[in-house]
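Asks: dropping a prediction and its sequence here:
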Amino acid sequence: MLAGIVLLGSSVQWLTGMGFALVAVPALILLLGPAQGVVLANCASGVICVVGLVGGWQRVRLAAMVPLCVAAACTVPAGAWVTRQLPEPVLLLVMGGLVTVAVLLVMRGARLPALRGTKGAVVAGAAGGFMNSAAGVGGPPISLYALNAGWTVREFVPNAMFYGVVVNAFSVAANGVPELSAPRWVAVVAAMGAGGAVGRTLASRIPERRARLLVLMLALTGGVTALAKGLWGL
């Protein structure tokens, strides 16, 4: 099951340029628990972003990325602290709620004046850093920032990958690495490789809009499921 979750998350990441955490985190926290699920998502997302950035680093907008990444670095410790302090049912509620709200905002294509310019970059980066270390899902604020900045998909993907490398590195430093057995690590690495191959194959066959809608619907289902499990455990 762990390999299947990572395979699905990796596939949609390569298919759409985003989505590993949105799709995988709700399932990972249900399977491994909130703490281990988040740190595994941080590690896997970071590795995928490093590999994905290799071919697109020339298109990274460093001027825009600096305030995003600095703001994220400042809020990652707060998210990590929240993860360590809250009991599991409450963590499930927080994580499920963050995923659900983030997905709904992205699906609506929310236009928010607070997410424009340098101030918007700071707000989005801070929100993304906190969400990434607390819930493993730091991409939606950056998606909303890019939407409000008028970025094209071609501009968004390499910058999102760059942000993913930085914020996941900080998150792993704050939360540590997952405590998995050697066979599980082998399964995770193999699933990431297979997911990359599947995603790249499907990218030329599935329209981008349909693929993104599928990712968001899967993420919304996972977020609502985590919310339900958190409520059940209270």
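Replies: Done, it's in. Numbers count the residues shown, from 1 in each chain.

Asks: poorly predicted segments of this protein, please.
Replies: Applying pLDDT under 70 to the chain picks out residues 16-18, 109-115, 153, 208, 211-212, 215, 218-219, 222, 233-234.

Asks: show residues contacting stretch 36-50.
Replies: Residues from elsewhere that reach stretch 36-50 (CB atoms under 8 Å, 6 or more residues apart in numbering): 6, 9-10, 13-14, 20-21, 24-25, 28-32, 83, 95, 132-137, 160-162, 164-165, 168-169, 171-172, 175-180, 188, 192, 196. Using the backbone N, CA and C atoms, a C-beta is placed for each residue, glycine as well.

Asks: CA atoms of that stretch as CSV?
Replies: Provided in CSV are the C-alpha atoms of stretch 36-50 (Å, rounded to 0.1, in the frame of the first residue of the first chain):
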residue,chain,number,x,y,z
GLN,A,36,5.8,9.8,9.8
GLY,A,37,3.5,10.6,6.9
VAL,A,38,4.5,14.2,6.8
VAL,A,39,8.3,13.6,7.0
LEU,A,40,8.1,10.9,4.3
ALA,A,41,6.1,13.3,2.1
ASN,A,42,8.8,16.0,2.7
CYS,A,43,11.6,13.7,1.7
ALA,A,44,9.9,12.3,-1.4
SER,A,45,8.7,15.7,-2.6
GLY,A,46,12.1,17.2,-2.1
VAL,A,47,13.8,14.4,-4.2
ILE,A,48,11.2,14.7,-7.0
CYS,A,49,11.7,18.5,-7.1
VAL,A,50,15.5,18.1,-7.3
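
Asks: neighbours of Ala63, just the number please.
Replies: By other CB atoms under 10 Å, 9 other residues sit near Ala63.

Asks: residues contacting it?
Replies: If you count contacts by CB under 8 Å, 6+ apart, then Ala63 has nothing around it.

Asks: for the remainder of this discussion, apply numbering that starts at 36.
Replies: New numbering, starting at 36: the last item is Ala98.

Asks: picking that back up, in ChimeraX, select just the buried ones from the contacts of stretch 71-85.
Replies: Restricted to buried positions by 16 or more other CB atoms under 10 Å, the ChimeraX selection for these reads:
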select :41,44,45,48,49,55,56,59,60,63,64,65,67,118,130,167,168,169,170,171,172,195,196,197,199,200,203,204,206,207,210,213,215,223,227,231
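
Asks: just the ones in helices from the contacts of stretch 71-85, please.
Replies: 41, 44-45, 48-49, 55-56, 59-60, 63-67, 118, 130, 167-170, 195-197, 199-200, 203-204, 206-207, 210, 223, 227, 231 (DSSP state H).

Asks: wait, doesn't Val105 sit right on Gly160?
Replies: Yes. Using CB atoms under 8 Å, Val105 is in contact with Gly160, at 7.0 Å.

Asks: neighbour count for the two, which is higher?
Replies: Taking neighbours as other CB under 10 Å, Val105 and Gly160 compare with Gly160 leading, 28 against 15.

Asks: any idea how far Leu88 is from Asn203?
Replies: The gap separating Asn203 from Leu88 is 12 Å, by CB to CB, to the nearest Å.

Asks: ah, wrong one, I meant Trp186
Replies: The spacing between Trp186 and Leu88, counted by CB to CB, is 16 Å.

Asks: who has more neighbours, these two?
Replies: Leu88 (20 against 17).

Asks: which ones are touching the residue nearest to the more buried one when sequence neighbours are not counted?
Replies: Closest residue to Leu88 apart from its sequence neighbours, by CB to CB, 6 or more residues apart in numbering: Met196 at 4.3 Å. Contact analysis of Met196 by CB under 8 Å, 6+ apart lists Gly52, Cys84, Gly87, Leu88, Gly91.
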